[in-house]
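Chemist: sequence isn't available, so here's the structure alone:
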């Protein structure tokens, strides 16, 4: 049981790291010759907020993914462990692998969605976004 909780804790830390990375990332905007340059700071703040809302970057989606992955991994690991003679150990290993894997996958998907939404928002407001 301690192993399962440790694995889920690692997944949650990875998720919070992804949420931190999102809060510190900003797209590069070329303002040369732009008549919208004076609105860039305001637009960046508003687009960051909108992107955070659409991507689920609060870390909750990562936690849900880790718990769901841990549950599925535990079930599969218990079945394999039972066949090999130790269902408890199989469940612990399966939960760890499933929880960490799914949590990291959910965090990466959330970060990608955040960056895309942030850049698209700025483009829609007339800014020349380079990345």
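Modeler: Now that the structure is in, tell me what you want to look at. Keep in mind that this is a model prediction, so the values were computed, not measured. Numbering: from 1, shown residues only.
Chemist: contacts and neighbour counts: CA atoms only from here.
Modeler: Fine.
Chemist: quick one: the closest residue to residue 126 other than its chain neighbours and residue 47, what's the gap?
Modeler: Excluding the flanking residues, the one nearest residue 126 by CA to CA, 6 or more residues apart in numbering is residue 36, at 6.8 Å. Look at residue 36 and residue 47: by CA to CA, to the nearest Å, they are 15 Å apart.
Chemist: residue 106 now?
Modeler: Taken as CA to CA, the spacing of residue 106 relative to residue 47 amounts to 22 Å.
Chemist: could I get the phi/psi values of residue 31?
Modeler: Note on residue 31: backbone dihedrals following degrees, to the nearest 10 are phi -100, psi 0.
Chemist: now the one 3 residues further on
Modeler: Main-chain dihedrals, residue 34, degrees, to the nearest 10: phi -90, psi 130.
Chemist: burial count for it?
Modeler: The burial metric for residue 34, expressed as a neighbour count using other CA atoms under 10 Å, is 11.
Chemist: thought residue 51 was touching residue 111?
Modeler: No: with contact defined as CA atoms under 8 Å, residue 51 does not count as touching residue 111 (9.9 Å).
Chemist: let me see the mean pLDDT of the helix or strand where residue 109 lies.
Modeler: According to DSSP states H and E, residue 109 maps onto helix 87-124. Average pLDDT, helix 87-124: 79.
Chemist: got the contact list for the following helix or strand past it?
Modeler: As assigned by DSSP H and E, the chain's next helix or strand after helix 87-124 is strand 128-129. Under the criterion CA atoms under 8 Å, 6 or more residues apart in numbering, residues 27, 28, 29, 30, 31, 119, 122, 123 lie in contact with strand 128-129.
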